[in-house]
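Chemist: Return atomic coordinates for the entry below.
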Amino acid sequence: MSRFVTPLLILCVVFGTSVSVEIVTMDSFLDTLRSNHPVFTKEDLSVEIEQKAKESLLGAEDWMLSAGLTVFRENPEIAIGGPERTDAFSLSAGVNRAFWRTGGRFSASISTGVGEMKLDPTYGFPESFHQHRVAVSYTHPLLKNRGGILDRLSYDLKEFDIDVAAIRSRENQEIFLAGVAGDFITLVFLLEQEHIIGERLSLSLDELERTKRKREANLVDQVDVIRAEDAVTIARETLVLVKSRRKAVQAQLAILAQWDDMNELNPSFDLYEQPMLPPLDAELERLSGASRLLQSIRVRKEQLHVVLDAYEHTRLPDLYLTVEANTKNFDDDFGTSLEMDKYDLLLGLAFTVPLEKREANGLVEKTRLELKQLEYAEREIILDINSSLTNLHVQISELDSVLALNREQIASAQKRTEEELKLYNQGRGSLTFVLQSRDSEQAARLLYAQNAASLQTLLIQYKSLLDDIL
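Modeler: Purely as a prediction, here's the structure:
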């Protein structure tokens, strides 16, 4: 259990604060945060949103049903050799579909109609007719869009968007956790400040009582009593200020984690633990392969390579093979018209090519430039994260030496306090020197705690850069 649990319990007993028996480690706090805070669900949903967007693109390959109803009357201006009037009614229905595997288009349709014509009887044409038709057709690309590469391009590219969304989601969650972990360390530091100042207050109270007894025995002057009282007042004021800051941070963390009782946020954390970092070269190598920022850039590069292949494909001419067949009949007798013994067959090629290909060439060159831009962006990110990691590694390593000096300073201040107190109790020293020495000891301990908190904060940043927090 952390060395901070006992000081916290002492503070609560001495200064009348209730405390929960539950001790919260940083890991358990961050786990609770991940379970309760909406930012994690929000970020996870971004991946699901991209997944659903990808699924929606499958609608381009759905079967499409069409139907139509037509009623018309025609009255020609001059009816020479033809009907003076035609009344007709027709129904039609059809289905069509794109096939991404081949790039082809299939369609089938059926239509039926009935009509009446007002004719001169001498022409011998029927005055009413029935017409039915069934047709199927298929168009297949032979060059551009062969294999459906352009039809399914948006669908294929969405997979990369899903990967990037997942990476960004994890990165945003990591950044959020790193920020809250820093606040957790701030809470631990403020509690340590309370402990240090609380001990100083306790010593000042004891000193005040001893000074009053000495004054009653005429061993010291009244000014020493006033100095001891001032020391108590200053310690109390400082303690109230630190306690208010601690309560504010504690309440903030309790709300973020949706903790029922903020007094449960009594952290168990070794503020003075000094980590052993792996060699910098090994960390830089690991970061170059595992950084989410680099992963995101590399996924985008893969995506642009797919786009480039598709745009290269658009430079090919449009060459389509079309096959169509239909069967039909036209007769004045409804039953006979259903036989549909007349048919048509069609086999054709259609060829289209832009002579200058400016659109395709422009898209290809644009994509190549974007790929080059991503190459430089990747180099930039590598330099940034390497420099940041190196900076943090050096700071953390150097702070170890600073903390060692802090410990020496504390030990020296404690010895000085002991000597000043001996002299004062022997009547050969001044209370002022005792108070100054204790203030120096407190300042040394506070500086040690502050540097230790800075080290832990840097370590959080270091882990976040390595994507080790989540």
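Chemist: When you work out contacts or count neighbours from here on, use the C-alpha atoms and nothing else.
Modeler: Will do.
Chemist: isn't residue 142 right next to residue 320, touching?
Modeler: Yes: assessed by CA atoms under 8 Å, residue 142 is found in contact with residue 320 at 5.8 Å.
Chemist: and the residue nearest the centre of the chain, helix, strand or coil?
Modeler: With distances taken as CA atoms, centre = their mean, residue 169 lies nearest the centre of the chain, 2.3 Å away. Under DSSP: H, G, I helix; E, B strand; the rest coil, residue 169 falls in the helix class.
Chemist: ok, it to residue 294 distance?
Modeler: Computed with CA to CA, to the nearest Å, the distance linking residue 169 and residue 294 is 14 Å.
Chemist: Quick check: the gap between residue 37 and residue 255.
Modeler: Taken as CA to CA, the span from residue 37 to residue 255 is 9 Å.
Chemist: Next, the contact list for residue 344, please.
Modeler: Shown in contact with residue 344 (CA atoms under 8 Å, 6 or more residues apart in numbering): 325-327.
Chemist: hang on, the earlier thing: surely the residue nearest to the centre of the chain touches residue 48?
Modeler: No: using CA under 8 Å, residue 169 is not in contact with residue 48, being 10.9 Å away.
Chemist: And the helices in the stretch 151-300 of the chain, which stretches?
Modeler: Assigned by DSSP state H, counting those that start in this stretch, the stretch 151-300 of the chain shows helices spanning 153-216, 222-257, 280-290, 292-313.
Chemist: What mean pLDDT does the second one get?
Modeler: It refers to helix 222-257. Regarding helix 222-257, the rounded mean pLDDT is 89.
Chemist: Check the third one too.
Modeler: Across helix 280-290, pLDDT averages out at 87.
Chemist: Check which helices and strands it is in contact with.
Modeler: helix 358-425 (3 or more CA pairs under 8 Å, 6 or more residues apart in numbering; DSSP states H and E).
Chemist: after the helix it packs on comes which helix or strand?
Modeler: Following helix 358-425 in sequence order, the next helix or strand is helix 431-465 (DSSP states H and E).
Chemist: In stretch 90-108, which residues are buried?
Modeler: 90, 92, 94, 96-100, 102-108 (16 or more other CA atoms under 10 Å).
Chemist: Residue 424: neighbouring residues, count only.
Modeler: Here the count is done by other CA atoms under 10 Å, and residue 424 has 16 residues near it.
Chemist: how close does it sit to residue 215?
Modeler: For residue 424, the distance to residue 215 - CA to CA - is 14 Å.
Chemist: as a whole number, average confidence for stretch 89-98?
Modeler: Rounded mean pLDDT across stretch 89-98 is 92.
Chemist: just the buried residues of stretch 90-108 now: which is nearest residue 184?
Modeler: residue 100 (53.5 Å; CA to CA).
Chemist: Any figure for the gap between that closest one and residue 364?
Modeler: Residue 100 sits at a distance of 23 Å from residue 364 (criterion: CA to CA).
Chemist: one step back: find the nearest non-adjacent residue to the residue nearest to the centre of the chain, please.
Modeler: For residue 169, ignoring the flanking residues on the chain, the nearest one in space by CA to CA, 6 or more residues apart in numbering is residue 43 at 5.0 Å.
Chemist: Quick check, pLDDT for that neighbour.
Modeler: If you check residue 43, the pLDDT there is 93.
Chemist: Check the secondary structure at it for me.
Modeler: Strictly by three-state DSSP, residue 43 counts as helix.
Chemist: That one contacts residue 172, doesn't it?
Modeler: Yes: assessed by CA under 8 Å, residue 43 is found in contact with residue 172 at 7.5 Å.
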